[in-house]
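A.B. asks: Here is a sequence with its predicted model. Questions after.
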Amino acid sequence: MTYLLRRLATFPLVLLGVSILVFVAIRMVPGDSITAMLGTEAGLLTPAQRDSLAAYFGIDQPWFVQYWRWIGGILHGNFGISVTYGRPVLDVILERFPLTLELAVLSMIIALLVGMPAGIYAATHNEKLSDLGVRVAAMIGQSTPSFVLGLLIIYTLSAGFGVLPAMGEFAPLWQDPLRNLSQLILPAITLGFAFAASVTRIARSAMLDVLSDDYVRTARSKGASARSVIWRHALPNALIPVVTLSGIEFGYLLGGAVIVEQIYALPGLGRMVLDAILQRDYALVQGTVLFIAFNFMIVNLLVDLAYVALDPRIRLGEQ
Amino acid sequence: MVRHLTRTLLSGITLAAMLGIATVSTQAATLHMAWSQDATGLDPHKQTAFSSLRLLELIYEPLVRVDASLQIIPAIATSWEFSKDGKELTFKLDPKAKFQDGAAVTSADVKASFERILDEKTGAAARANFLSIASIDTPDAATVVFHLSQPDVPILTAMSDVNAAIVPAAEIKAGSIGTKTVGSGPFKLDKWDPNAKEVLSANKNWAGGATGVDGIEISVLPDEAAILAAMRTKQIDFALLNDPLVATLVPKEANLQLNRVPVLAYNVLQLNPSRKPMTELKVRQAISCAIDRQEVLDTAALGEGKVTGPLTIPAFATDPSQLFCYKRDVEKAKKLMAEAGFADGFSATVIGATGEPPTAAAEAQVIQSQLAEIGVKLDIKMMELNVYVDAWLKGDFDMAIALNGGRADPYTMYNRYWTKAGNLQKVANYIDDTLDSQMQQGRAETDPAKRKAIFAAFEKHLAEMSPWIWLYTSYSYTAQQKNIARFVPTPTGTLFSLSKVTIKQ
């Protein structure tokens, strides 16, 4: 409990650091909201016109004043207004987040359903032909860029079969579950493919480690069946690296899968933040990055807590 | 073979069922459209992005518009007339013209719209085109008189742009332009989800008559290969394409039709004549002679376009082969370099925007290899668009690969660069008395034949001075299902004819 409170107490400090980083980083990039909106036509503006637009976009004040205003707003629950959407930043983020969360969960399920059995299978058939096959497949999975796989899937389906999931408008899960699943399954497979490969490799090596431990040998010598040795004795301990990997990967996915969202035209967080950067929608970029950082911290905390559940020997917060 | 086909068919049906996909066309009355870049805002006086203009011209109307042959035709105004001294321009408004809220479009709305554009607080980039307006009179509700400080023939063409759209005076007063869209155009905007979707419905009050479809749904699909895939499966009826690589695949699809038309925008290698050694006329001319424009076009854009001089407007364009060094001459280029004192060449950096245009990097590479033959070592620096624009506006480059927009009138197109008072002189970094005087003559001249001669001389002189190396104009591409009729592609890229498009059952 103390550990949990201590971890939660660090959250504001980390978020403050992230807020400064993102605020400074986005402003260090050349160009601003005015050139993003007008492109080269911005050169036709008179100084008075430029000043007027700068005031409209909220970039007319010095950096520290802008930062102070923004942070002050956040403390009052106001993340600012997105100039692209003309709406509160938090509303826009929360509208996009369910898709990103669902996509992350689905690809995680696919990755674990494929990667765990494959890894265990390879470990229990160590150095055999089937192990080699799994390792080669995992290597291919890890080294295939998601845009290649995504485009291949889209091309094969549209050119070969004349079908494709509906693109452009997203149907939320609670409104139309079937359509929702049809829209997300291919992106989830695309994302889950590489993730499954990583899980396979980690699960295999963790399993190999555990299988050579003394307690596994003891279990075997006591006459435990091969199935029982693997599933009851070895697997729980082999899960810890998999949980670590999954936690990190899941945290990344909650930040949005930019490329996959782009290819499948999914209006998720990743695509939104990319567009916001290109359009120099400062409030939206800053708000979204803070939101992503917060999610990442929560996921990390949950992963740490999961260690305790998996291995009672681990005591969090003890020196 | 039959078994294979049956198996493929069955797999397709199974997949379709699994994915819950409709394989047949959607409602006939709604046009499903896609583009890869969305509008960036809804204020017609402020937006300059290509997609914003294409969306807004379906919602708002200017006083006049240009047709496919770039002739001025009526929009809100039914007729117009310049006074004999060219300093007064009078418009008669269409009595049937109404805003989407049912209110009539009056001369007061026209006056308020132009006053808004001219107000520096608005931040309208198009203001620069209307600085000759001294005052606006509204003798009655259907008549508007623009009093000009000097004869300004191109102002009429500038008024055909959606950046000069007429918006309701009441909405200007309420400060709601850009958040509320009330135009007098063929469609109403029902929903805009930025970077995802736009939903438009037919404006029953439109003075232009009934639209061909009940509405248009625009999806933003950032990857153009995915747009083509969605068209194959008939999810999308009509699409805007930028990438020639994708566009050239369209004719291979039996159900699809590619519309392509040469555009006014031009691909150019901008030299910076304020930086050594481009300050030397002979160096600039040597670069012009060393570049094979046709090869740049063929390699970077698959030959999709045509080599051009500075004037891309069909009514003004001259035969580019008659312009200075449009036939590659490496020996002449080397001689000019030697005369300028750069027989051993020099090093320079060329900047380009990633993906804008999609051919930018390839153009830079071809030019790099061509200029290497005269000893010019080019370092290519590709940048994100906004970073590029920032450097471009500051004139912070040796050379720049650019795709610059065209206009239907040469004065409006080039006064920003090639006049002494041009707003983008700091980007062009070159002006001489001849260019400035030719532009001023072209602005005031009302006789079309004389204007053409003035601008032909302007083009010849510009090509000879070689501050920039004009390369080629490409095509604007739209792809459509073959059951879509009555779309008319134009050199300005406007999608206005979607107002009359029909979908055959």
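C.D. replies: Perfect, thanks for sending it.
A.B. asks: Does residue B:396 belong to a helix, a strand or coil?
C.D. replies: Following DSSP: H, G, I helix; E, B strand; the rest coil, residue B:396 is assigned to coil.
A.B. asks: Now for it, how many residues are close by?
C.D. replies: 14 (other Cβ atoms under 10 Å in any protein chain shown). C-beta here means a position set from N, CA and C on the backbone, and glycine is covered the same way.
A.B. asks: same check, this time on the one 5 residues further on
C.D. replies: When neighbours are defined as other Cβ under 10 Å, residue B:401 has 28 of them.
A.B. asks: Let me know the pLDDT of the closest residue to residue B:504 other than its chain neighbours.
C.D. replies: Among residues not flanking residue B:504 along the chain, residue B:483 sits closest, at 4.2 Å (Cβ to Cβ, 6 or more residues apart in numbering or on different chains). As predicted, residue B:483 sits at a pLDDT of 94.
A.B. asks: pretty sure residue B:483 contacts residue B:503?
C.D. replies: Yes: in terms of Cβ atoms under 8 Å, residue B:483 counts as a neighbour of residue B:503; the distance is 6.0 Å.
A.B. asks: which of the two has more neighbours?
C.D. replies: residue B:503 (22 against 15).
A.B. asks: And the more buried one, its phi and psi?
C.D. replies: phi -110, psi 120 (degrees, to the nearest 10).
A.B. asks: ranges for the helices of chain A?
C.D. replies: Remark: helices assigned in chain A by DSSP state H are A:2-28, A:33-38, A:47-57, A:63-75, A:89-124, A:129-143, A:146-155, A:177-211, A:214-221, A:226-228, A:235-254, A:258-263, A:269-278, A:282-310.
A.B. asks: now the longest one against helix A:235-254, angle please.
C.D. replies: In this case it means helix A:89-124. Put simply, helix A:89-124 runs at 150 degrees to helix A:235-254, going by axes from the mean of the first three to the mean of the last three Cα atoms, to 10 degrees.
A.B. asks: packing partners for helix A:89-124?
C.D. replies: Applying 3 or more Cβ pairs under 8 Å, 6 or more residues apart in numbering or on different chains; DSSP states H and E, one finds that helix A:89-124 contacts strand A:81-82, helix A:129-143, helix A:177-211, helix A:235-254, helix A:258-263, helix A:269-278, helix A:282-310.
A.B. asks: quick one: average confidence on that helix?
C.D. replies: Across helix A:89-124, pLDDT averages out at 92.
A.B. asks: The shortest one now?
C.D. replies: Helix A:226-228 shows a mean pLDDT of 82 in the predicted model.
A.B. asks: The fourth one now?
C.D. replies: Average pLDDT, helix A:63-75: 91.
A.B. asks: cool, and stretch B:433-451?
C.D. replies: 93.
A.B. asks: Also stretch B:377-385?
C.D. replies: On average, stretch B:377-385 scores 94.
A.B. asks: Name the surrounding residues that touch it.
C.D. replies: Stretch B:377-385 is contacted from outside by A:29, A:31, A:39, A:278, B:345-356, B:360-361, B:364-365, B:367-368, B:371-372, B:391, B:399, using Cβ atoms under 8 Å, 6 or more residues apart in numbering or on different chains.
A.B. asks: Of those residues, which qualify as buried by neighbour count?
C.D. replies: Buried members of the contacts of stretch B:377-385, counted by 16 or more other Cβ atoms under 10 Å in any protein chain shown: A:31, A:39, A:278, B:345-346, B:348, B:350-353, B:355-356, B:360-361, B:364-365, B:367, B:371, B:391, B:399.
A.B. asks: of all of the stretch 251-400 of chain B, which residue lies closest to chain A?
C.D. replies: Nearest residue of the stretch 251-400 of chain B to chain A, counting by Cβ to the nearest Cβ: residue B:386, 3.3 Å away.
A.B. asks: how much space between that residue and residue A:279?
C.D. replies: Between residue B:386 and residue A:279 the distance is 8 Å, computed by Cβ to Cβ, to the nearest Å.
A.B. asks: Please enumerate the shared neighbours of these two.
C.D. replies: Applying Cβ under 8 Å, 6+ apart, one finds that residue B:386 and residue A:279 are jointly contacted by residue A:36.
A.B. asks: Serialize the helices and strands packed on helix A:89-124 to TSV and add fields for distance to chain B.
C.D. replies: Below are the helices and strands packed on helix A:89-124 laid out as TSV (distance: least, Cβ to the nearest Cβ, whole Å):
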stretch	distance to chain B
strand A:81-82	8
helix A:129-143	22
helix A:177-211	4
helix A:235-254	19
helix A:258-263	5
helix A:269-278	5
helix A:282-310	10
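A.B. asks: Pick the most buried one from these.
C.D. replies: helix A:269-278 (a mean of 24; mean count of other Cβ atoms under 10 Å in any protein chain shown).
A.B. asks: quick revisit: isn't the residue of the stretch 251-400 of chain B closest to chain A right next to residue B:40, touching?
C.D. replies: No: counting by Cβ under 8 Å, residue B:386 sits too far from residue B:40 to count as a contact (11.6 Å).
A.B. asks: Spell out which residues belonging to the stretch 401-505 of chain B are near chain A, please.
C.D. replies: Contact residues (Cβ under 8 Å from any Cβ of the partner chain) of the stretch 401-505 of chain B with chain A: B:404, B:416, B:423-424, B:426-427.
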